[in-house]
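1. quick one: sequence and predicted model below, then my questions.
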Amino acid sequence: MNIEVRSKFRKTTNCSVGLLSIALMAAGFTPLLQGATPSTFTITPPLVEPIGIAYSPTVNKLLFTVPFFGKTNRKVIGVTDTGVSSLFATLPDRVTSPLHPDAWEDHIAVSPGLGGFTKGAVFVTQGQDILQIPPTGGASVLFVHIPGLTDTHTGIAFDTVGTFGFQMLLTGQNSHVYSVNSAGVVTVINDITVFSAPVAVENGQVAPMGWGVYGGWFIIPSELTGHVVALNPVGSANMHQVVTLTALAPAPEDVRFVPSSPMNWGVSGGCYFYVVFETGGGTVVKFPASDFVPAIQGQALVPDEHDGTIRVVNSTTMGNPPVVSVFASGLLPQGADHEDSTFVVTPTVSTGCTLTQGGYKNHFNNLITPLVVGGVSYTAVQVNAILQNKRDPSKQCDSGQRSSISRTPVNNGKAKCCWRRFTSSSGSYGDCAGRFTSRNNWSDSTRWQWILVNERDQHSGNDSRQLQQRNHWARPLPVTAL
């Protein structure tokens with residue numbers, strides 16, 4: 001298949017896929033397809049000139065920036081897993097640029113809620129301006145203005161590993177790189193005109209710690225030179241080590257690390273989504289989770305803007321430079337360009353400890369998964385309802401049962417709810433009818449807890465400042481009893 005590739009600003013002719021494989025072998029690469037099975041992700045109404053893409057767990061939608069051409073009518077479009085599109089946010093009009101008259105690339109990222117950033121907040125780059133949008137959409141506001149960036153093509157990423165302090169990372173066409181904290185304070189990483197070799201850096205990603213010697217480094221594509229570079233997180237302004245990992249040529253556009261055990265997004269049939277730009281139109285290509293075999297999980301996918309190829313860069317092998325192989329090729333129709341891509345995954349939250357019931361209840365509802373207890377299955381929604389103490393008011397104990405402090409053990413062999421009153425010096429419980437899940441209600445000096453007990457349970461009091469949750473199940477807890 002012969003593929004003609006046209007940049008938005010220049011036109012070149014690419015060799016066939018077969019010749020591309022021969023060229024890769026001659027360069028020492030491994031031109032083996034990984035059995036990729038891409039297909040079109042149908043979107044209705046269709047997108048017009050999509051550029052940036054990001055996934056929002058808050059609204060469970062893919063978010064796209066559109067269009068490329070035109071000073072007005074710039075916006076963010078949200079798309080569901082069924083392919084239904086709708087307006088998510090409006091963006092400011094642009095001012096004509098001498099470099100790119102009436103044409104801009106607005107890129108997008110969603111905050112994972114680390115480093116003080118609001119979880120789910122959406123950020124869009126418009127050159128030197130970084131805009132913030134509420135997690136559920138609406139009008140954008142200016143978050144920060146950085147004069148050292150160029151007027152377009154500003155890349156954006158969030159550090160989810162922690163080596164850059166969980167900050168926002170911005171890259172410019174002039175190869176400038178900045179970090180920004182949640183208060184909008186800008187720190188220079190590099191603002192020299194060019195790196196030692198690569199220029200025109202765009203959308204990168206901080207590598208997972210398991211990615212060989214470059215784990216935790218910022219991995220960035222250099223579109224105009226065909227390089228992929230690694231930026232050391234350690235260093236003062238303009239003193240961060242930059243290593244050229246490999247020359248991919250002709251124009252690496254973005255870096256996306258393959259997650260562990262990826263899963264398809266809802267009914268979409270895909271977990272990885274790849275934007276194809278065409279003047280006046282454009283499409284989105286999806287790849288199913290089955291394409292991402294264990295051998296490439298944790299490795300970097302690097303799509304090229306012009307040649308329609310996605311390559312895998314593997315830094316966990318002993319090879320130096322990293323091993324490069326072809327994941328998929330022939331993805332671009334004549335006259336099209338690739339602009340951005342994303343995996344749909346729930347971001348991993350680095351908490352430093354195992355989440356407790358309170359953690360899931362109050363902060364990390366999105367991490368709740370389905371649960372099977374005693375052979376009864378509960379959906380994630382039902383489990384969250386249990387954690388939020390949403391139960392039938394008619395099943396509550398009456399005032400007489402609340403005041404009971406009888407220490408007579410439950411001896412009928414059936415699951416029952418006991419009301420336990422905890423103070424700093426003693427604990428007691430009383431029997432009552434009904435079945436409930438664990439419930440904590442407390443004031444400064446008194447704590448009350450719903451528990452399930454059976455005939456073998458004996459409970460003692462507990463200090464009010466360190467109340468231990470005690471759940472004992474004599475039989476499955478019906479959701480209808482909550």
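-> The structure has been received and is ready for your questions.

2. could you chop this protein up by domain?
-> Split into domains by automatic domain parsing, the chain comes to 4-343, 351-388, 392-481.

3. least confident of these, on average?
-> If these are sorted by mean pLDDT, domain 392-481 sits at the bottom with a mean of 35.

4. now Tyr55. Nearest residue, chain neighbours left out?
-> Val344 (4.6 Å; Cβ to Cβ, 6 or more residues apart in numbering). To be clear about C-beta, it is placed using only N, CA and C from the backbone, and glycine gets the same treatment.

5. list the contacts of Pro322.
-> Taking Cβ atoms under 8 Å, 6 or more residues apart in numbering, we find Pro322 in contact with 212, 245-246, 313-315.

6. what's whichever strand or helix holds Phe123 in contact with?
-> If you go by DSSP states H and E, Phe123 is part of strand 122-126. Contacts of strand 122-126 from elsewhere in the structure, counted by Cβ under 8 Å, 6+ apart, are 52, 54, 56, 63, 65, 76, 88-89, 91-92, 94, 104, 106-111, 130-135, 137, 140, 143, 152, 154-156, 168, 170.

7. identify those among these that sit within helices.
-> In helices, defined here by DSSP state H, there are no members of the contacts of strand 122-126.

8. of these, buried ones?
-> Listed as buried from those are 52, 54, 56, 63, 65, 76, 88-89, 91-92, 94, 104, 106-111, 130-133, 135, 137, 140, 143, 152, 154-156, 168, 170; burial here means 16 or more other Cβ atoms under 10 Å.

9. Ile51: neighbour count?
-> If you count neighbours by other Cβ atoms under 10 Å, Ile51 ends up with 22.

10. same question for Leu87.
-> The number of residues packed near Leu87 is 11, by other Cβ under 10 Å.

11. tell me the contacts of it?
-> When the contact criterion is Cβ under 8 Å, 6+ apart, the partners of Leu87 are 75-78, 137.

12. adding distance to Pro294, write those residues out as CSV.
-> Shown next, in CSV, are the contacts of Leu87 (distance: Cβ to Cβ, whole Å):
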residue, distance to Pro294
Lys75, 39
Val76, 34
Ile77, 34
Gly78, 32
Gly137, 37
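
13. ok, how many other residues are close to Gln297?
-> Using other Cβ under 10 Å, Gln297 has 13 neighbouring residues.

14. is it true that it touches Val258?
-> Yes. In this structure, Gln297 is within contact of Val258 by Cβ atoms under 8 Å, at 5.0 Å.

15. in strands, which of the contacts of Pro322 fall?
-> Mapping those onto strands (DSSP state E) picks out 245-246, 313-314.

16. may I ask which of these has the most neighbours?
-> Counting neighbours by other Cβ under 10 Å, the top entry in the ones in strands among the contacts of Pro322 is Val313, with 24 neighbours.

17. tell me the bridge partners for that residue.
-> Ala300, Val324 (DSSP bridges).

18. give the contact list for it.
-> Listed by Cβ under 8 Å, 6+ apart, the contact set of Val313 reads 219, 228, 245-246, 248, 255, 299-300, 302, 322-324.

19. measure how buried the nearest residue to Val144 once chain neighbours are set aside is and give me the count.
-> Spatial nearest neighbour of Val144, excluding adjacent residues (Cβ to Cβ, 6+ apart): Gly184 at 4.5 Å. Counted with other Cβ under 10 Å, residues neighbouring Gly184 total 13.

20. same deal with Asp191?
-> Using other Cβ under 10 Å, the number of residues around Asp191 comes to 16.

21. pretty sure it sits against Ile146.
-> No. Contact criterion Cβ under 8 Å: Asp191 and Ile146 do not qualify, at 9.6 Å.

22. circling back to that earlier point, mind listing what the strand holding Phe123 pairs with, with the direction of each?
-> Strand 122-126 is paired, per DSSP bridges, with strand 108-110 (antiparallel), strand 129-133 (antiparallel).

23. how deep is Ser39 tucked in, by neighbour count?
-> With neighbours defined by other Cβ under 10 Å, the count for Ser39 comes to 11.

24. how much space separates it from Gln241?
-> Distance, Ser39 to Gln241, using Cβ to Cβ, to the nearest Å: 41 Å.

25. please apply the same query to Ala385.
-> Here Ala385 is placed at a distance of 50 Å from Gln241 (Cβ to Cβ).

26. neighbour count: the two, which is higher?
-> Neighbours per residue, other Cβ under 10 Å: of Ala385 and Gln241, the larger number sits with Ala385, 16 against 12.

27. tell me the SS of the residue lying closest to Ser290 once chain neighbours are set aside?
-> Sequence neighbours aside, Thr37 is the residue nearest to Ser290 in space, at 7.5 Å (criterion: Cβ to Cβ, 6+ apart). Following DSSP: H, G, I helix; E, B strand; the rest coil, the label given to Thr37 is coil.

28. who's in contact with Thr37?
-> Thr37 sits next to 287-288, 290-291 when contact means Cβ under 8 Å, 6+ apart.

29. wait, Leu47 sits on Phe277?
-> No. Contact between Leu47 and Phe277 fails when scored by Cβ under 8 Å: they sit 9.8 Å apart.

30. now stretch 142-156 - C-alpha only, CSV.
-> Extracted in CSV, the C-alpha atoms of stretch 142-156 (Å, rounded to 0.1, in the frame of the first residue of the first chain):
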residue,chain,number,x,y,z
LEU,A,142,-6.9,31.3,32.5
PHE,A,143,-4.8,29.2,34.8
VAL,A,144,-1.4,30.5,33.9
HIS,A,145,0.4,32.5,31.2
ILE,A,146,4.0,31.6,30.3
PRO,A,147,5.6,34.0,27.8
GLY,A,148,8.5,31.6,27.2
LEU,A,149,6.3,29.2,25.3
THR,A,150,5.4,29.5,21.7
ASP,A,151,2.0,30.6,20.3
THR,A,152,0.9,27.0,19.5
HIS,A,153,1.7,23.3,19.8
THR,A,154,2.2,23.5,23.6
GLY,A,155,2.3,19.9,25.0
ILE,A,156,0.9,19.1,28.4
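
31. which residues sit against that stretch?
-> So stretch 142-156 is in contact with 97, 99-100, 103-105, 107-109, 123, 125-132, 168-174, 176, 178, 180, 184, 186, 188, 191, 200-204, 220, 254, going by Cβ under 8 Å, 6+ apart.

32. which helix or strand contains the nearest residue to Pro38 once chain neighbours are set aside?
-> Of all residues not flanking Pro38 in the chain, Val285 sits nearest, at 4.9 Å (Cβ to Cβ, 6+ apart). Assessed by DSSP H and E, Val285 sits inside strand 281-287.
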